[in-house]
Each structure stands twice: as C-alpha cells, then as structure tokens.
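Visitor: Sequence below, structure please.
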Amino acid sequence: MTRQPITIFTDGACSGNPGPGGFGVILRCGNLEKQISAGYRRTTNNRMELLAVITGLEAIKWEKADVTVWSDSSYVVDAVEKGWVFGWERKGFAKKANQDLWVRFLRVYRQHTVRFQWIKGHNGHPENERCDRMAVAASSGPGLLEDSGYEAENPSQVI
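Guide: Numbering: from 1, shown residues only. Okay, here's the model as predicted:
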C-alpha cells in the first residue's frame, strides 16, 4: 500500500527569549488535517521552533513516511539541510544548545524521508500564520508546561 505524502507546517513563539513560549503544528495527509499546539512556562524561541518540528514528526503514525516540513526557522532548516546537526552529533553536541531536542529530533527524523522548506515568517503564508497564532495562544494560555530540558540546563533562569 502506497501512503500519501505528509506536509507539516510549524512555528514557534516566545515572549522574551527566554520566556513563556509555545508552538503550533499543522499536519496534512491527503484531505486529513491535524493541529497540535502546546505552551511552556520558560523556554526559548529556538527550542519552540525545533519542538514544533519534532512534535509534527512524532505524530506520524507509520514509519518511512515521505514528509515535507515547512518552517520559518533558519536555525532548524539550516541545521538539517546544511548538515550541521550531523556534525554536532558526531562531536557529541559539545557546547551546542538544545542537545536534548536535537537527539530527540534525529531519532524521529531517521524514521522518515524528510525534506525541509524554509518560508519567510510573518509574510502572509496562510499555514505559517495559523501556526504562529496557535503558538502565541499556547504560550499565553493556562497550564503552561515545564520545558524540563531548558530548565535543567538553566536553573538560575527559572522563575
């Protein structure tokens, strides 16, 4: 059985950097669509951008999916498309931020065939704008989650 390709749109937001943050994800497969968002009490914009991609990939129900990820994060897109993350991995992520998330990303990334497409943020792209609204709403909503990876590495910044 041939499965349809999956398109994932993502965005992360942070009020202050660090500060409260959130992400928004839209997954599409054929005529099916799923939205996912979550907010965190203390995090960074880059962590939310990366966590959005991870969450989207982890939501896929089968392995070896053909996936295109649309993101306005140069941090995430360049790290993967330019191969930086694979060099960081070979060096044990020495002195690299967000090691916990990059390790998690690589685990799920390798389960699929993933391509990235960078898009300019806040430029009228409908899905990027939706993801942005979801991320901002999640970051300011009730019951913000703990970003344990960030808080463990930055205990003096936790309020």
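Visitor: Show me what whichever strand or helix holds residue 25 packs onto, helices and strands only.
Guide: Residue 25 belongs to strand 19-29 when assigned by DSSP states H and E. Where contact means 3 or more Cβ pairs under 8 Å, 6 or more residues apart in numbering; DSSP states H and E, strand 19-29 is packed against strand 6-14, strand 32-43, helix 45-58, helix 126-139. Placement of C-beta: from N, CA and C, glycine included.
Visitor: which of the ones you listed is buried the deepest?
Guide: Across those, averaging neighbours per residue (mean count of other Cβ atoms under 10 Å) puts strand 6-14 on top, at a mean of 27.
Visitor: ok now the strand holding residue 25, how far from the chain's centre?
Guide: Distance, stretch centre to chain centre, for strand 19-29: 7 Å (Cα atoms, centre = their mean, to the nearest Å).
Visitor: got a list of what the residue positioned nearest the centre of the chain touches?
Guide: In the chain, the residue lying closest to the centroid (Cα atoms, centre = their mean) is residue 52, at 2.4 Å. Taking Cβ atoms under 8 Å, 6 or more residues apart in numbering, we find residue 52 in contact with 10-12, 23-25, 71, 131, 135.
Visitor: To residue 145, which of the helices and strands packed on strand 19-29 lies closest?
Guide: Comparison of those against residue 145 by Cβ to Cβ identifies strand 32-43 as nearest, at 5.1 Å.
Visitor: remind me which residues of this structure are low pLDDT?
Guide: Along the chain, segments meeting pLDDT under 70 span 1, 156-159.
Visitor: What helix or strand is residue 94 located in?
Guide: Using DSSP H and E, residue 94 falls within no helix or strand.
Visitor: Count the residues that sit near it.
Guide: Neighbour count of residue 94, defined by other Cβ atoms under 10 Å: 8.
Visitor: Just give the number of residues close to the nearest residue to it once chain neighbours are set aside.
Guide: Of all residues not flanking residue 94 in the chain, residue 88 sits nearest, at 8.0 Å (Cβ to Cβ, 6 or more residues apart in numbering). Using other Cβ under 10 Å, residue 88 has 18 neighbouring residues.
Visitor: Contact partners for residue 88?
Guide: Counting by Cβ under 8 Å, 6+ apart, residue 88 touches 79, 94, 96, 102.
Visitor: what do you get for residue 15?
Guide: Taking Cβ under 8 Å, 6+ apart, we find residue 15 in contact with 21, 139-140.
Visitor: if we can go back for a sec, now the contacts of residue 52 as a markdown table including distance to residue 154?
Guide: Output for those, formatted as a markdown table (distance: Cβ to Cβ, whole Å):
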| residue | distance to residue 154 |
| --- | --- |
| 10 | 23 |
| 11 | 23 |
| 12 | 17 |
| 23 | 19 |
| 24 | 24 |
| 25 | 25 |
| 71 | 24 |
| 131 | 26 |
| 135 | 21 |
